[in-house]
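Peer 1: Got a sequence here, can you model it:
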Amino acid sequence: MQQTEFLNLLAEQGFGTTVVVKREAFATLESHAHQFEAKALVLQGELTIRIADSERTYKAGDIFHLHRDEPHSEVFGAEGVQYLVGRK
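Peer 2: Model (predicted):
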């Protein structure tokens, strides 16, 4: 999905705040949760998100969605990752 199309989708779904997040290569975030719902479009690189017993890797062009207060961990790829995320 293209960035403009994704921004339109976020607006339609009520995601008001958007930010670009950059993470370092091979960095990790241990299990945590956010007090907001998040939907993101990966712009560059890749990341793997683990939720409960499920794990999925997202690459450029992929979208991931995290529910409010959903515990998850993150591992960033060899190039790190950059993604555009909407929050509500």
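Peer 1: Tell me which residue lies nearest the centroid of this structure.
Peer 2: The centre of the chain sits closest to Ala40, judged by C-alpha atoms, centre = their mean, with a distance of 4.2 Å.
Peer 1: how about stretch 48-63: buried residues?
Peer 2: By 16 or more other C-beta atoms under 10 Å, the buried positions in stretch 48-63 come out as Ile49, Tyr58. Where you see a C-beta, it was placed from the backbone N, CA and C, and this is true even at glycine.
Peer 1: for the residue nearest to the centre of the chain, helix, strand, or coil?
Peer 2: strand (DSSP: H, G, I helix; E, B strand; the rest coil).
Peer 1: residues in contact with it?
Peer 2: By C-beta atoms under 8 Å, 6 or more residues apart in numbering, the contact list for Ala40 reads Val21, Ile63, Phe64, His65, Tyr83, Leu84, Val85, Gly86.
Peer 1: In helices, which of those fall?
Peer 2: Nothing among these maps onto helices, per DSSP state H.
Peer 1: For PyMOL, what selects the buried ones among those residues?
Peer 2: In PyMOL syntax, the buried subset of these is picked out as below (16+ other C-beta under 10 Å):
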select buried, resi 64+83+84+85+86
